[in-house]
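Predicted structure and sequence below. I'll ask about it afterward.
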Amino acid sequence: MVDELEGRKQIDLGEEVPSVEGQELDETFLQARDLMSTFVKTIKAFRLYPAENPSLAEFQGQLLRKFQSFLKKYHSFVFQIGEYEFSFREKILYENRDLKTSLAFRLYKDGLRELRFMEGLEVWEVQGLIDILKRIEHINQLEDDVVTMMWETDFVHISFLATDPFLEEAPITIPENVAEFRRRLIFEPLAHKVDQDFRVREEEEEDEEAMGVDEILDKILFGRVGPPPSAATYQGVYSLTPEELERLKKEVETESDPTSVFNVIDILFEILALEKELEPYQDAVNVLTKLLDALLTLGEFQKASDLLTRMNIILNTYQLKDWQVKLIQQLIESAGDPQRIERVGRILEKGMRVEEVNSYLVLLKPNSISPLIKVLGELNNSKARRMLCEAICEIGKNNIEMITPFINDHRWYLVRNITYILARIGKEQALPYIQKALNHAEIRVKREAIQALGIIGGSKAFALLVKGLADGDVRIRSMSALNLAKVGKKASLPYLLEVVQSKEFPNKEKAEMKAFFDAIGMVGSNEANKVLEKLLEKRSWFGDGKWAEIRQGAASALALIGTPEAKSILQSGIDSKDAKIRQACVQAMERLTF
């Protein structure tokens, strides 16, 4: 059994990690290469071995130790994701061109372009990333992707760069052609028979002539062809040659081609351009409304988008009478009615190309906001939820009063999404509602609120972030410090410096210390230099372990400030007789050139 486990631990990367024999490489790259090798081996192990295999805990533990060792020395590990390779400082760490096994290809295909790991990386984050990547082969692309899963995991020390799925062309996963359209329609086989006489057909034609336009359209779009008559009713059966069957098949395909239905839209728009009488104009608008419903039912969101776009063009460019304007506006607004949005939600839940749905949703009017948020709160498809958030941002950018009431919803995950939406809209009038989210019982909502304050900015956001520095949760305090520096710049320094000089600061966790020093460094002001120099050179009263972290943090902040004056302090530290000060300054200068 032991031999079996030992054998299983040997994950062969073959040529996936390129050889560096004979090359002159710096120590940083070699350590990055070793870390990448462990990273890929760990992911492979979790994809190959059953969950109960004890070797997996060893792989994960080794990976965490490698990460922590690298991040302690260099503070961050950032690698770029190409189509087949991972690269670090423009040198390849990993390459695999086998599409079935290449980890790089699968991440690249899902839109990831860069992964970043920061000092303070925790066990749960490593486990969370492994959980995502080990399932990468089994993700349903219509419902989820790696980017969305990472976004929803809410990592603290892991971040990423990704392409925007709504701006770039995405892989086509559902055929967009006549065959796919026809598959969604319901046809039953037609009988090949000879009518007893022509009176049957004449009666059918008379029935169709008696139908209104709406009834005919309903029959075309939603009707079912009835079951064939029984053989007892046949008077005779034709025997067709293969050539005749092929010709008949082509004729049937031509007549049943849904393209002919969509051509009706062009005719109806010509009517809207030329017709001046109310009744036929109203008929044309009614038929277009039914066509919109048909397109939504069939999942033809691109064609539905085209229809709404053309309606908006008519509204904005044609010289219309008031009653014409009213009819067209009613059609456009009706696209956002609750029953139509519910239909969209059902389609999204089943799996749909969200890019096409997004192109339709962003054309809707503000009356669609409340139904869309209702769908957002009920939707299980995470990729679709993310798309809905982006669509609501676009529709509601000038109507946040229709979004803010949902900040009081009892579902924490919906409140977090609403907070995200308000942040992306970026209006200061949303801050009272962001403050409500900041006081929420769920920590994930509070973290989203802190990020929102950093995005919106302004004096009110600044005051709330200052308050966040004293929050009871370490992550909230850390995020508040970083966002305060982002929002307040120099105005944030007195608050940040007060914390790092406090008696309680040496007792804080390493990750929190780093966040405050990084925030001070981000401001980039020489006004912090004296305090940082004092912390760098101060002798320890709290035990060397904690003070070493403070000394390293002060040096790192000086490196981030990066001014000649800050560099001069670091250079003086390198020349210091105190080995601990020298070590902290050397590592900071390495970070400065990293």
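Cool, the structure landed. Numbering: from 1, shown residues only.

Now do the contacts for the nearest residue to residue 524 once chain neighbours are set aside.
Excluding the flanking residues, the one nearest residue 524 by C-beta to C-beta, 6 or more residues apart in numbering is residue 561, at 5.4 Å. Glycine gets a C-beta too; all of them are placed from N, C-alpha and C. Taking C-beta atoms under 8 Å, 6 or more residues apart in numbering, we find residue 561 in contact with 520, 521, 523, 524, 525, 526, 528, 529, 532.

Among these, which one sits closest to residue 64?
Of all the contacts of residue 561, residue 64 sits closest to residue 521, with 26.1 Å by C-beta to C-beta.

quick one: residue 132 and residue 153 touch, right?
Yes: contact criterion C-beta atoms under 8 Å: residue 132 and residue 153 qualify, at 7.0 Å.

ok, the two, which is more surrounded?
Set residue 132 next to residue 153 and count neighbours by other C-beta atoms under 10 Å: residue 132 wins out with 17 against 14.

Quick check, pLDDT for that one.
The score at residue 132 is 88. That number is its pLDDT.

Quick check, residue 278 in contact with residue 323.
Yes: with contact defined as C-beta under 8 Å, residue 278 reaches residue 323; the gap is 6.3 Å.

returning to that earlier point: most neighbours among the contacts of residue 561, which one?
Within the contacts of residue 561, most neighbours by other C-beta under 10 Å means residue 520, with 29 neighbours.

Which residues are in contact with that one?
For residue 520, the contacting residues are 485, 493, 496, 497, 500, 528, 532, 557, 560, 561, by C-beta under 8 Å, 6+ apart.

Any stretches of this structure with poor pLDDT?
Low-confidence segments of the chain, defined by pLDDT under 70: 1-24, 137-144, 164-240, 244-245, 248-263, 351-352, 540-545, 591-594.

what about 50?
Scanning the chain for pLDDT under 50 picks out 1-9, 166-202, 204-205, 208-209, 213, 216, 220-238, 256, 258, 594.

Kindly export the longest helix along it (C-alpha atoms) in CSV.
Longest helix in the chain, counting residues (DSSP state H): helix 27-48. Extracted C-alpha coordinates of helix 27-48, given in CSV (Å, rounded to 0.1, in the frame of the first residue of the first chain):
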residue,chain,number,x,y,z
GLU,A,27,17.4,33.0,-8.4
THR,A,28,13.9,34.6,-8.6
PHE,A,29,13.1,32.8,-11.9
LEU,A,30,14.4,29.4,-10.6
GLN,A,31,12.2,29.7,-7.5
ALA,A,32,9.2,30.7,-9.6
ARG,A,33,9.9,27.7,-11.8
ASP,A,34,10.0,25.4,-8.8
LEU,A,35,6.8,26.9,-7.5
MET,A,36,5.0,26.5,-10.9
SER,A,37,6.2,22.8,-11.1
THR,A,38,4.6,22.1,-7.6
PHE,A,39,1.5,24.1,-8.6
VAL,A,40,0.9,22.0,-11.8
LYS,A,41,1.7,18.7,-10.1
THR,A,42,-0.8,19.5,-7.3
ILE,A,43,-3.6,20.3,-9.8
LYS,A,44,-2.8,17.1,-11.7
ALA,A,45,-2.9,15.1,-8.5
PHE,A,46,-6.3,16.4,-7.5
ARG,A,47,-7.6,15.7,-11.0
LEU,A,48,-6.2,12.1,-11.1
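
Which parts of that helix count as buried, going by neighbours?
By neighbour count with 16 or more other C-beta atoms under 10 Å, helix 27-48 contains the buried residues 28, 31-33, 35-47.

ok, now stretch 278-285?
Within stretch 278-285, the residues that count as buried by 16+ other C-beta under 10 Å are 281, 283, 284, 285.

Is it correct that residue 157 is in contact with residue 119?
Yes: the criterion here is C-beta under 8 Å, and residue 157 meets it with residue 119 at 7.3 Å.

what's the overlap in contacts for these two?
Joint contacts of residue 157 and residue 119 (C-beta under 8 Å, 6+ apart) are residue 511.

what about the closest residue to residue 94 other than its chain neighbours, neighbour count?
Counting by C-beta to C-beta, 6+ apart, residue 94 lies nearest to residue 86, which is 4.3 Å off, once chain neighbours are set aside. Using other C-beta under 10 Å, residue 86 is surrounded by 25 other residues.

Check the one 5 residues further on too.
A count of neighbours around residue 91, defined by other C-beta under 10 Å, yields 13.

repeat for residue 417
Residue 417: 23 surrounding residues under other C-beta under 10 Å.

quick one: contacts for the nearest residue to it once chain neighbours are set aside?
Spatial nearest neighbour of residue 417, excluding adjacent residues (C-beta to C-beta, 6+ apart): residue 389 at 5.6 Å. Shown in contact with residue 389 (C-beta under 8 Å, 6+ apart): 376, 417, 420, 421, 424.

so the last one sits right up against residue 392, yeah?
No: when contacts are counted by C-beta under 8 Å, residue 424 is not listed as touching residue 392 (9.2 Å).

So which of those two has more stuff around it?
Legend: neighbour count by other C-beta under 10 Å for residue 424 and residue 392, higher for residue 392 (28 against 17).

Kindly provide the distance from the residue nearest the centre of the chain to residue 424.
By C-alpha atoms, centre = their mean, the mean C-alpha position of the chain lies nearest to residue 148, the distance being 4.3 Å. Using C-beta to C-beta, to the nearest Å, residue 148 is found at 16 Å from residue 424.

Repeat that for residue 27.
If you go by C-beta to C-beta, the gap between residue 27 and residue 424 works out to 42 Å.

Quick one: residues contacting the nearest residue to residue 477 once chain neighbours are set aside.
Closest residue to residue 477 apart from its sequence neighbours, by C-beta to C-beta, 6+ apart: residue 471 at 5.3 Å. Applying C-beta under 8 Å, 6+ apart, we find residue 471 in contact with 446, 477, 480.
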